[in-house]
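>>> let's see this in three dimensions:
(one chain, ligands or ions: 1)
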Amino acid sequence: AQPDDDLRTGNSVEALRGAVMAKLAYAVGKVQADASDRDWFLATALAVRDRVVQGWQRSYHTTNTGGTKRVYYMSLEFLIGRLMFDALTNLGLTDTMREALSGLGVDLDKLREVEPDAALGNGGLGRLAACFMESMATLAVPAYGYGIRYENGLFRQVVKDGWQQEYPENWLSFGNPWEFARPEIAYDIGFGGHVETHQVDGAPRYEWFPSETVEAVAYDTPVVGWRGHHVNTLRLWSARAGDPLRLDAFNEGDHVGAMADRVKAEAISKVLYPSDATPAGQELRLRQEYFFAAASLQDLVRRHLKKYPDLSNLADQAAIQLNDTHPAIAVVELMRLLVDLHGMAWDDAWRITQATFGYTNHTLLPEALETWPVPLMERMLPRHMQIIYLVNALHLDKLRAEGHSDVDVMRSVSIIAEGWGQQRVKMGTLAFIGSHRINGVSALHTDLMRQTVFRDLNAIYPDRINNKTNGITFRRWLMEANPALTAILVDVLGKAVLDDPSHLEKLAQHAGDPALQARLKAAKRDNKATLGGIIAARTGIQVDPDAMFDIQIKRIHEYKRQHLNLLETIALYNAIRAEPWRDWAPRVKVFAGKAAASYHTAKLIIKLANDVARVVNDDPTVRGKLKVVFLPNYNVSLAERIIPAADLSEQISTAGMEASGTGNMKLALNGALTIGTLDGANVEIKERVGDDNIFIFGLTAEEVAARHRSGLSARETIANSPRLAEVMEAVSSGVFSPDDTDRYRDFANALRDHDHFLVTADFDDYYAAQRRVDALWRDQAAWWRASIMNTARVGWFSSDRTIGEYARDIWDVPVRAAE
Ligand SMILES: CCc1ccc([C@H](C)CC(=O)N[C@@H]2O[C@H](CO)[C@@H](O)[C@H](O)[C@H]2O)cc1
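Next up is the predicted model:
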């Protein structure tokens with residue numbers, strides 16, 4: 001045991017204070033008098049890191065000594081956010097560090113704001129990967145996360161005159177105290193070139209001669225689990241040119257040429273693609289996908305061969321999870337390594353590959369399913385294209401041999417798609433065929449996967465698709481984001497609730513307790529006042545913390561229907577103006593979210609939100625009754641501020657289009673009531689919180705599918721709804737855009753003529769549901785009973801539960817039981 005006053009590992013106030021001082025002097029190189037908040041942040045982070053490293057090395061030894069199977073989570077996105085409070089909370093050092101620093105005149109909560117967000121993701125998929133990493137560490141699942149160390153994360157959003165503008169997010173500009181560079185862990189990644197075939201004792205052997213090589217260099221970030229039991233590794237790859245400076249070109253004076261390779265190579269890890277539903281389809285994106293897949297596989301094969309003589313038992317020692325299709329080329333790369341480099345027989349290699357991979361699908365949106373042109377794949381990865389052709393041929397042959405002949409079925413289950421004038425590789429089909437388990441991320445989504453995108457494959461392989469409903473880590477999204485609520489829960493339910501969220505259930509019996517309701521209401525009001533301060537600072541808009549905070553925070557996308565929320569807001573605005581004397585439930589509508597840089601309609605929706613906000617917030621007749629706010633630059637840290645302050649959670653996607661949602665879980669856990677459609681995990685949230693504690697409206701997924709089959713003109717719907725008609729007319733005639741009255745004309749007409757996301761179809765039901773919300777809000781005792789029932793009933797949506805299911809059903813690895 002380490003003495004508690006040890007500078008490196010001691011956890012006493014004195015030890016931590018000494019450690020920070022030592023880091024400030026010797027690691028940051030600053031004297032106290034000159035130290036800036038950034039210096040104190042760095043010193044504090046480095047002191048905390050020492051305590052993390054201790055657990056990391058302990059975990060490394062336990063993992064390495066046992067023959068334990070490892071999980072490899074491959075994701076092109078990890079939306080981590082900040083790590084200081086995550087490390088402090090998981091090590092149980094937050095209060096001690098706060099005291100240690102206050103003794104030095106430093107405010108820990110002020111330092112919190114200095115840390116940049118590691119925004120290495122777009123939205124749900126990336127954040128889920130981060131929650132999963134923390135839960136795998138908490139459950140002591142020996143795991144590596146593999147991804148790309150983008151120099152620029154998701155762009156910084158600036159809203160100028162109501163329009164989104166994108167600015168680079170260079171999160172590394174002041175260094176990153178949480179990562180360890182691993183220059184010794186570097187792999188050559190090939191691109192292009194040609195394949196030569198040799199006959200070796202009668203069997204063809206294939207050798208790939210890439211025309212370009214890029215180096216992948218590792219950077220490791222420790223991932224601490226709850227109570228510091230176990231620490232895993234997130235290994236992110238950075239691209240480096242094999243030869244950074246072509247001296248020959250340089251000496252000939254072609255200075256730019258001399259650096260061309262370097263620029264081309266480093267472009268791979270320069271920036272995250274900012275699209276979260278439409279493939280960029282660009283060559284650089286495929287280079288990113290192959291770069292990290294190949295580096296990760298070389299790394300895990302090297303680790304395996306350090307322990308075992310060959311790769312025949314790889315599937316017993318490694319479970320690789322594909323976070324959507326973005327890493328799916330890894331299936332082909334493993335085949336290449338096993339067959340071409342390690343001389344394994346094809347069938348053995350294929351059996352091991354399937355047994356090793358699992359694939360998670362996160363979207364059914366046709367435009368989001370990745371397909372790559374065969375000519376591009378052939379040029380960039382010639383050997384892989386050969387392997388894909390052979391995998392597909394053997395796959396189809398096997399099916400024909402089993403009696404499958406229907407041409408439509410064979411076409412849908414083929415990895416290669418014809419049409420669009422060129423052949424394309426369907427990455428979803430490749431991932432499905434190359435994996436032993438395929439999962440969706442909510443019960444409804446998984447059912448729809450079986451009925452739509454993977455219908456024919458599911459019919460042929462009925463036991464492969466399984467459901468794993470998403471989850472969230474309660475450390476970040478409750479304990480760190482909402483310490484006030486957490487303290488009340490511990491007080492009412494005991495500390496055990498921190499180790500095992502199923503204890504939350506016991507809260508239900510206190511749902512009607514006025515004293516508890518009052519404590520929770522006061523805590524929520526404080527959180528709302530804090531958010532009010534942030535809103536005022538960033539937008540100049542003053543909001544009333546006693547009003548209902550109605551929150552829609554997520555990426556801007558037509559299927560998430562922020563525009564439906566805005567149309568309802570306008571209808572409410574009209575209604576209040578028509579009858580200002582009625583006792584309207586005061587509301588603050590908060591919107592936040594980024595639009596993909598090239599997604600015009602989504603950017604127009606952001607403008608509409610700001611245009612509506614300007615008109616509503618300047619209108620004295622609705623003052624104190626309705627405010628609209630668009631908060632810029634939504635990210636993980638802002639979410640941690642907004643979610644504890646929410647009363648109403650908007651989950652209003654077109655049914656069948658939101659695979660799961662995870663914001664819905666975070667908001668319900670923090671006591672917000674959900675208004676939503678029967679989509680994604682909303683369905684399971686309803687099942688657990690109970691019909692009285694949630695507001696459901698709208699078409700079901702089946703009804704949406706029926707509407708899509710029967711045509712999408714909305715003119716009749718609008719004609720039958722005077723309220724909607726008035727709103728549509730106001731928007732398209734420029735009531736909210738006097739500076740450009742035509743700004744929304746096309747947008748409104750598109751809704752009238754082709755309402756693909758059924759905004760008009762769900763409008764009246766949504767409006768009615770919002771009035772039901774008003775009615776409950778007026779009865780605060782009933783509101784808070786429902787709020788308490790939400791917190792009480794969503795323990796199941798912990799990502800510890802989700803990871804437990806992956807470990808049991810897909811990865812076949814043990815997990816550490818909750819205390
Ligand atoms: C190739 C472009 C691209 C990039 C990202 C994606 C992601 C799959 C989009 C995404 O983030 N999906 C979200 O994943 C969450 C975690 O499972 C779900 O909760 C959300 O419902 C789903 O939209 C699709 C296409």
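>>> from here on, just use CA atoms for contacts and neighbour counts.
Noted.
>>> near the ligand, which residues of the stretch 151-300 of the chain show up?
Contact residues (Cα under 6 Å from any ligand atom) of the stretch 151-300 of the chain with the ligand: 275-279.
>>> can you name the two of those residues that are farthest apart?
The span of those, defined through Cα to Cα, is set by D276 and P279 at 7.8 Å.
>>> next, K426: phi, psi?
Per-residue torsions, K426: phi -90, psi 100 (degrees, to the nearest 10).
>>> which stretches of the stretch 201-350 of the chain form strands?
Along the stretch 201-350 of the chain, counting by DSSP state E, counting those that start in this stretch, strands occupy 203-209, 212-224, 231-241, 318-323.
>>> between D276 and P279, what contacts are shared?
Residues touching both D276 and P279 (Cα atoms under 8 Å, 6 or more residues apart in numbering) are A368.
>>> report the contact partners of the closest residue to the ligand within the stretch 401-550 of the chain.
Checking the stretch 401-550 of the chain residue by residue against the ligand with Cα to the nearest ligand atom singles out V441 as nearest, at 5.4 Å. By Cα under 8 Å, 6+ apart, the contact list for V441 reads 360-362, 467-470, 659-660.
>>> equivalent analysis for P279, please.
Applying Cα under 8 Å, 6+ apart to P279 gives the contacts 367-370.
>>> pLDDT wise, what is it at?
P279 carries a pLDDT value of 70.
>>> over to P274?
Note on P274: pLDDT of 88.
>>> which residues touch it?
122, 154-155, 596-597.
>>> so L154 sits in a helix?
No - applying DSSP: H, G, I helix; E, B strand; the rest coil, one finds L154 to be coil, outside a helix.
>>> wait, doesn't it sit right on G123?
No - L154 is beyond contact range of G123, at 9.5 Å (criterion: Cα atoms under 8 Å).
>>> for the lowest-mean-pLDDT helix or strand in the chain, name the packing helices and strands.
Sorting the helices and strands of the chain by mean pLDDT, DSSP states H and E puts helix 247-251 at the bottom, at a mean of 82. The criterion is 3 or more Cα pairs under 8 Å, 6 or more residues apart in numbering; DSSP states H and E, and the helices and strands that helix 247-251 contacts are helix 255-266.
>>> relative to strand 231-241, how tilted is the helix it packs on?
150 degrees (axes from the mean of the first three to the mean of the last three Cα atoms, to 10 degrees).
>>> next, the angle strand 212-224 makes with helix 255-266.
Counting by the same axes, to 10 degrees, helix 255-266 points 50 degrees away from the direction of strand 212-224.
>>> for helix 255-266, packing partners?
With contacts taken as 3+ Cα pairs under 8 Å, 6+ apart, helix 255-266 sits against strand 231-241, helix 247-251.
>>> using the three-state scheme, assign T674.
Put simply, T674 is strand when judged by three-state DSSP.
>>> so it makes contact with I652?
No - contact between T674 and I652 fails when scored by Cα under 8 Å: they sit 9.3 Å apart.
>>> how far is the least confident helix or strand of the chain from where the chain is centred?
Taking Cα atoms, centre = their mean, to the nearest Å, one finds helix 247-251 lying 44 Å from the centre of the chain it belongs to.
>>> show me the contact partners of that helix.
255-258.
>>> can you check stretch 377-387 too?
Outside stretch 377-387, the residues that touch it by Cα under 8 Å, 6+ apart are 191-195, 206, 208, 332-333, 335-336, 374.
>>> before we move on, back to that, show me which of the contacts of P279 neighbour the ligand.
Restricting the contacts of P279 to those touching the ligand (Cα under 6 Å from any ligand atom) yields A368.
>>> mind checking which of the contacts of P279 are buried?
368-370 (16 or more other Cα atoms under 10 Å).
>>> would JSON lines of those residues with secondary structure and pLDDT be doable?
Below are the buried ones among the contacts of P279 laid out as JSON lines (DSSP: H, G, I helix; E, B strand; the rest coil; pLDDT from 0 to 100):
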{"residue": "A368", "secondary structure": "helix", "pLDDT": "91"}
{"residue": "L369", "secondary structure": "coil", "pLDDT": "93"}
{"residue": "E370", "secondary structure": "coil", "pLDDT": "95"}
